[in-house]
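[1] sequence and computational prediction follow.
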Amino acid sequence: MFHSILWPVDGSAMSFKPLQEVIDLAKLSGGKIVVLSIAQPRLFYSTEPGQLQDGKAAEEKHLEAARESVQKVREIGRRAGVECESIVSMSHIPGDAILETVQKTNCDLIVMATRGRMGVVDTLFKESTTQDVLRRSPVPVLVFPSQGEGAVDPG
């Protein structure tokens with residue numbers, strides 16, 4: 001079945017919606033979970049000392065939040081008896097980071113939640129990360145929709 005399941009999380013309750021299903025699927029398959037959190041880099045660069053320091057502080061804050069997200073999943077996976085590898089990445093384009101991680105870790109499934117903004121009007125100016133991954137992924141993608149119950153906060 002699936003030996004290595006990539007699960008991107010962004011720290012939101014919605015991204016943790018498939019928590020139990022990912023754990024169950026890993027257990028059923030005898031596989032591991034590769035949890036990925038992508039930190040947002042600074043939006044602009046400057047030579048101004050104050051702005052440069054503010055940008056570094058913002059990046060570190062985003063990296064720390066990403067580290068906390070993957071640590072939560074690692075702990076939950078450990079308690080459930082599932083091997084869990086954690087990766088923190090920094091990217092302006094989450095879809096690229098997700099697909100690069102699939103290649104680097106040889107994942108054979110991606111599990112992700114969507115916020116539900118996948119309609120024509122919703123994505124008129126910008127494709128959602130979920131759509132981007134679905135369109136370009138070399139492996140199957142299991143998507144959990146935002147509608148309905150189930151969003152959890154692992155904290």
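    All right, it came through fine. Numbers count the residues shown, from 1 in each chain.
[2] buried set for the longest helix seen in the chain?
    When the chain is parsed with DSSP state H, its longest helix is helix 49-80. Within helix 49-80, the residues scored as buried using 16 or more other CB atoms under 10 Å are 55, 62-63, 66, 69-70, 72-74, 76-77, 80. Where C-beta positions appear, they are placed from N, C-alpha and C, glycine not excepted.
[3] could you identify the most distant pair in those?
    Farthest-apart pair in these is Gly55 and Ala80; separation 38.1 Å (CB to CB).
[4] quick one: low-confidence ranges for this protein?
    Applying pLDDT under 70 to the chain flags residues 43-53, 116-126, 147-155.
[5] all strands of it, in order?
    4-8, 32-39, 84-90, 109-113, 141-144 (DSSP state E).
[6] turn those strands into CSV, including distance to Arg135 and mean neighbour count.
    Converted to CSV, the strands of the chain look like this (distance: least, CB to CB, whole Å; neighbours: other CB atoms under 10 Å):
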stretch, distance to Arg135, mean neighbour count
strand 4-8, 16, 25
strand 32-39, 18, 25
strand 84-90, 20, 18
strand 109-113, 12, 24
strand 141-144, 10, 17
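[7] export the ones you listed to TSV and tack on distance to Val22?
    Shown next, in TSV, are the strands of the chain (distance: least, CB to CB, whole Å):
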stretch	distance to Val22
strand 4-8	5
strand 32-39	6
strand 84-90	10
strand 109-113	5
strand 141-144	9
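[8] and these: which comes nearest Thr101?
    Closest to Thr101 of those is strand 32-39 (CB to CB; 5.2 Å).
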